[in-house]
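Novice: Dropping the sequence and predicted coords here.
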Amino acid sequence: MPELPEVETVRRGLEPVMADAVITRAQVNRPDLRWPFPDRMAERLAGRHVAALRRRSKYLLADLDGGETLLIHLGMSGRMLVTKDENAVAIGTYVHGHAAPEKHDHVVLDFDNGMRVTFNDPRRFGAMDLFPTETGHKLLDKLGPEPLGNAFSAAHLAEAFRGKASPVKAALLDQKIVAGLGNIYVCEALHRSGISPKRLAGHISAARIAVLHAAIRQVLEEAIAAGGSSLRDFRQASGDLGYFQHGFRVYDREGQPCPTDGCTGTVTRIVQSSRSSFYCPKCQR
DNA sequence: TAGTTCACCTGAAAGC
DNA sequence: TGCTTTCAGGTGAACT
């Protein structure tokens, strides 16, 4: 389930393939994913030059010539797989030869460098859209700061939490407060900072918010360095697994001993906002 | 207005 | 073994 580190890992895998390349052919195999694809998307993409591949929150953004940007969201189960035409010049380490089409291959992009990028999404929670680069996209307009950017500070977090009556878990999942966090990394960051996911956001001291702010950055940086987390669906663009799931301290570890030094607690699972929260009731207060 | 719940969707795992 | 049920979660809409 792609959160910011997984999307950034995919972007890094796709950048050498897509950036400064021309889409020679686009194939769209169904009319929609989460939302309908833009009209005539395949024709509109064919022949376009990709100037750059960016990431904003959990969105991939491919800037095209002609002043348009292709927005890609991986949803819950979306994958971008790269294959290489056997006759083309190698770019990176990718699967050789275009694989036979698989179930849930919804969009296929061929590039003038012989590479093919296939968007596969079994659960169809993903999305693609085209928008004028200059005006932006409504999905991007409401997003809060990037957690690894300069705009995301402890002071920003404290201001966003001020007066909030919702649990800190729900507040951190709010993309308007900070963009890119999902269930896994919120659980991990809260554990590292010793804050209970049940604690109301507005009731956390400035000092503890500063610790939380540092923990969010730390866990995301470590996850990106590990190539993201592979749980159930996620693969890198090369098809490889990420490795950060081995670094989870609480996520999906219900019933196991708390890994905090000196803590004798047990990782517990509760449901908040219809999502599982994993935490240690003993050292997270 | 703020906070919470639900629907969307399919594959994997659990239960029978 | 095979069928049915439950669960997973990002996001916007609907609801309280």
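Specialist: Received it, and whenever you're ready, just let me know what you need.
Novice: A:E43: what's it in contact with?
Specialist: Contacts of A:E43 were listed using C-beta atoms under 8 Å, 6 or more residues apart in numbering, and they are A:A26. To be clear about C-beta, it is placed using only N, CA and C from the backbone, and glycine gets the same treatment.
Novice: buried set for the host helix or strand of it?
Specialist: In this structure, A:E43 sits in helix A:41-45 according to DSSP states H and E. Along helix A:41-45, the positions that meet the burial threshold by neighbour count (16 or more other C-beta atoms under 10 Å) are A:41-42, A:44-45.
Novice: Give me the phi and psi for the closest residue to DNA strand C within chain A.
Specialist: Residue nearest to DNA strand C within chain A (C-beta to the nearest atom of the strand): A:G182, separated by 2.9 Å. Taking degrees, to the nearest 10, you get phi -130, psi -170 for the backbone angles of A:G182.
Novice: so how far is A:L45 from it?
Specialist: 28 Å (C-beta to C-beta, to the nearest Å).
Novice: Is A:P145 in a helix, a strand, or coil?
Specialist: Secondary structure, DSSP: H, G, I helix; E, B strand; the rest coil: A:P145 is coil.
Novice: What sits closest to it if chain neighbours are left out?
Specialist: Of all residues not flanking A:P145 in the chain, A:A151 sits nearest, at 3.7 Å (C-beta to C-beta, 6 or more residues apart in numbering).
Novice: Checking my notes, that neighbour in a helix, right?
Specialist: No: with three-state DSSP as the criterion, A:A151 is located in coil rather than a helix.
Novice: How about stretch A:165-172 and DNA strand C, any contact?
Specialist: No: no part of stretch A:165-172 sits close enough to DNA strand C to count as contact by C-beta under 7 Å from any atom of the strand; the gap is at least 9.9 Å.
Novice: pLDDT below threshold where in the stretch 101-250 of chain A?
Specialist: For the stretch 101-250 of chain A, applying pLDDT under 70 flags the ranges A:230-246.
Novice: Pull the number of nearby residues for A:A225.
Specialist: Look at A:A225: counted by other C-beta atoms under 10 Å, it has 13 neighbours.
Novice: how far away is it from A:A179?
Specialist: Spatial separation of A:A225 from A:A179 under the definition C-beta to C-beta is 20 Å.
Novice: do the same with A:T69
Specialist: From A:T69 over to A:A179 (counting by C-beta to C-beta), the distance is 17 Å.
Novice: With neighbour numbers in mind, choose between those two.
Specialist: Between A:T69 and A:A179, A:T69 has the larger neighbour count (other C-beta under 10 Å), namely 24 against 21.
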